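# Fold the following for me, if possible:
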Amino acid sequence: MSKRNLLVLAAVLVIACALPFLVSNYRTFQLTLVLVYAIALLGLNILTGYSGQISLGHGAFYALGAYVTAILMDKAGVPYWATVPAAGVVCFVAGFLFGLPALRLEGLYLALATFALGVAMPQLLKYHHLEKWTGGVQGIVIPKPDAPFGIPLNSDRWLYFFTLAVALLMFALAWNLLRGRVGRALVAIRDQHIAAEAMGVNGALYKSAAFGVSAMYTGVAGALGAIAVQFVAPDSFNIFLSITLLVGIVVGGLASISGALYGALFIQFVPNIADEISKAAPWAIFGVFMIGFVYLMPTGVAGAVRLLSRRRRSQ
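Next up, the predicted model:
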């Protein structure tokens, strides 16, 4: 990483640490959700942007991570911080196992298979034999954690910094993973899978691993989202969540680590802006925003930022 990029990263971290003290508790809660969505979008981008596997059902892994956390906290009394890695492990296993049969599917067929997963998950969570664990349609209410060790922060600010720490860890792991051998293999499989396999790349293993890692990231995001919202219910994880995540990576920028943050800001704040512009048809305004972003920045916000940066350096 260049010195200039390190300075930019340091400035962003300073701003991120200062924001909770400059805005209201509600805005802090929204910023926490931005970090949660950024982790989920990063996971989906590993699968779709880097390995070329389209998923329309990642909301299912988000829901699984959220319910693992809620059940562990509510039924077993597990500390909130310990449920996050547990959700990641469960979702990694689930994603890897789902990725194995999905190896036979590509393109639109894989998209339809994942779409079916996203549609089925809310109904599975309502299944009456699972109600004693999932709470059925009523869901599960969990407490918001307080700052430990007497740290002088309210619950919203503490949860923001906790989520920020997890997000930094997940982004660092993704950067190391995608900038190395694994990332090159995934891009090779995405662009020319026959040539990649001829060069010795195990396509089946890398595709399944990408599905597992992607699901792990989304599950960690779901766990953090459940802790932030303090409530999980099946109808909170419908197919619209999966589509929203896909919109986020397209707007933010495919195959871009920083694009996850741009996409998270878009899906968190643009619907609110659209609602303020028109109470009668907010989603129509949201659609206009989305079309505008795609038209003006076809490579996503991250691609537009890279292009502007190159032009400034060339001047």
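
# As a check, name the ranges of all strands in this protein.
Using DSSP state E, the strands of the chain run over residues 140-141, 231-232.

# so which of those strands gets nearest Phe269?
Among the strands of the chain, strand 231-232 comes nearest to Phe269, with 21.5 Å by CB to CB. For every residue, glycine as well, the C-beta is placed using N, CA and C.

# Show me what that closest one is packed against.
helix 59-75, strand 140-141 (3 or more CB pairs under 8 Å, 6 or more residues apart in numbering; DSSP states H and E).

# For that strand, give the mean pLDDT please.
The pLDDT scores in strand 231-232 average 94.

# cool, stretch 93-111 as well?
Averaging pLDDT along stretch 93-111 yields 84.

# re the thing from before, with distance to Met73 added, can I get the strands of the chain in JSON lines?
Below are the strands of the chain laid out as JSON lines (distance: least, CB to CB, whole Å):
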{"stretch": "strand 140-141", "distance to Met73": "8"}
{"stretch": "strand 231-232", "distance to Met73": "10"}
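
# Which of those has the highest mean neighbour count?
Highest mean neighbour count of those: strand 231-232, a mean of 20 (counted as mean count of other CB atoms under 10 Å).

# What strands flank that strand, and is each parallel or antiparallel?
Strand 231-232 pairs in its sheet with strand 140-141 (antiparallel), by DSSP bridges.

# What are the buried residues along the longest helix that the chain contains?
Determined from DSSP state H, the single longest helix within the chain is helix 203-229. Using 16 or more other CB atoms under 10 Å as the test for burial, helix 203-229 gives 203, 206-229.

# For it, what is the distance to the chain centroid?
What separates the centre of helix 203-229 from the centre of its chain is 8 Å, taken as CA atoms, centre = their mean, to the nearest Å.

# the helices in the stretch 201-315 of the chain, which residues?
Using DSSP state H, counting those that start in this stretch, the helices of the stretch 201-315 of the chain run over 203-229, 239-252, 259-277, 282-296, 300-314.

# Make TSV from these and add distance to Ile142 to it.
As requested, the helices of the stretch 201-315 of the chain are exported to TSV (distance: least, CB to CB, whole Å):
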stretch	distance to Ile142
helix 203-229	7
helix 239-252	19
helix 259-277	21
helix 282-296	29
helix 300-314	33
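
# Can you name the residues that contact Tyr80?
Taking CB atoms under 8 Å, 6 or more residues apart in numbering as the criterion, Tyr80 is in contact with 69, 73, 142, 145, 227.

# Please produce a ChimeraX select command covering the buried subset of these.
Buried residues among the contacts of Tyr80 (16+ other CB under 10 Å), as a ChimeraX selection:
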select :69,73,142,145,227
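
# Among the contacts of Tyr80, show me the least confident.
Per-residue pLDDT puts Pro145 lowest of the contacts of Tyr80, at 89.

# and the gap between it and Leu31?
Using CB to CB, to the nearest Å, we find Pro145 at a distance of 17 Å from Leu31.

# ok so, going back, of the helices of the stretch 201-315 of the chain, which is nearest Gly95?
helix 203-229 (2.4 Å).

# could you give the angle of the closest one to helix 239-252?
110 degrees (axes from the mean of the first three to the mean of the last three CA atoms, to 10 degrees).

# Name the nearest residue to Gln53, sequence neighbours excluded.
Among residues not flanking Gln53 along the chain, Leu47 sits closest, at 5.2 Å (CB to CB, 6 or more residues apart in numbering).

# can you check Gly248 too?
Nearest residue to Gly248 in three dimensions, chain neighbours excluded: Gly263, at 3.4 Å (CB to CB, 6+ apart).

# How many neighbouring residues does that neighbour have?
Counted with other CB atoms under 10 Å, the neighbours of Gly263 add up to 34.

# do the one 4 residues further on as well
A count of neighbours around Ile267, defined by other CB under 10 Å, yields 24.

# ok, it - contacts?
Per CB under 8 Å, 6+ apart, neighbours of Ile267: 37, 244-245, 247-248, 251.

# Look up the closest residue to it, ignoring the ones flanking it.
Take Ile267 and drop its neighbours on the chain: the residue closest to it by CB to CB, 6+ apart is Gly248, 4.6 Å away.

# Start and end of stretch 129-136, how far apart?
End-to-end distance of stretch 129-136 (CA to CA, to the nearest Å): 9 Å.

# Now that stretch: average pLDDT?
For stretch 129-136, mean pLDDT is 89.

# Now do the buried residues in that stretch.
134-136.

# Ok, stretch 163-182 next?
Taking 16+ other CB under 10 Å as the criterion, stretch 163-182 shows 163-164, 166-167, 170-171, 174, 177-178, 182 as buried.

# Quick one: mean pLDDT for it?
92.

# Just the C-alphas of that stretch, formatted as PDB.
This file holds the C-alpha atoms of stretch 163-182, laid out as PDB (Å, rounded to 0.1, in the frame of the first residue of the first chain):
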ATOM      1  CA  THR A 163     -18.900  -2.800  14.900                       C
ATOM      2  CA  LEU A 164     -16.200  -0.600  13.500                       C
ATOM      3  CA  ALA A 165     -13.500  -2.800  15.100                       C
ATOM      4  CA  VAL A 166     -15.100  -5.900  13.500                       C
ATOM      5  CA  ALA A 167     -15.500  -4.200  10.200                       C
ATOM      6  CA  LEU A 168     -11.800  -3.200  10.100                       C
ATOM      7  CA  LEU A 169     -10.800  -6.800  10.900                       C
ATOM      8  CA  MET A 170     -13.000  -8.100   8.100                       C
ATOM      9  CA  PHE A 171     -11.800  -5.600   5.600                       C
ATOM     10  CA  ALA A 172      -8.200  -6.300   6.400                       C
ATOM     11  CA  LEU A 173      -8.800 -10.100   6.000                       C
ATOM     12  CA  ALA A 174     -10.500  -9.500   2.700                       C
ATOM     13  CA  TRP A 175      -7.700  -7.200   1.500                       C
ATOM     14  CA  ASN A 176      -5.100  -9.800   2.300                       C
ATOM     15  CA  LEU A 177      -7.200 -12.600   0.800                       C
ATOM     16  CA  LEU A 178      -8.100 -10.900  -2.500                       C
ATOM     17  CA  ARG A 179      -4.700  -9.300  -3.100                       C
ATOM     18  CA  GLY A 180      -2.900 -12.700  -3.000                       C
ATOM     19  CA  ARG A 181      -3.000 -16.000  -4.700                       C
ATOM     20  CA  VAL A 182      -6.600 -16.700  -3.700                       C
END
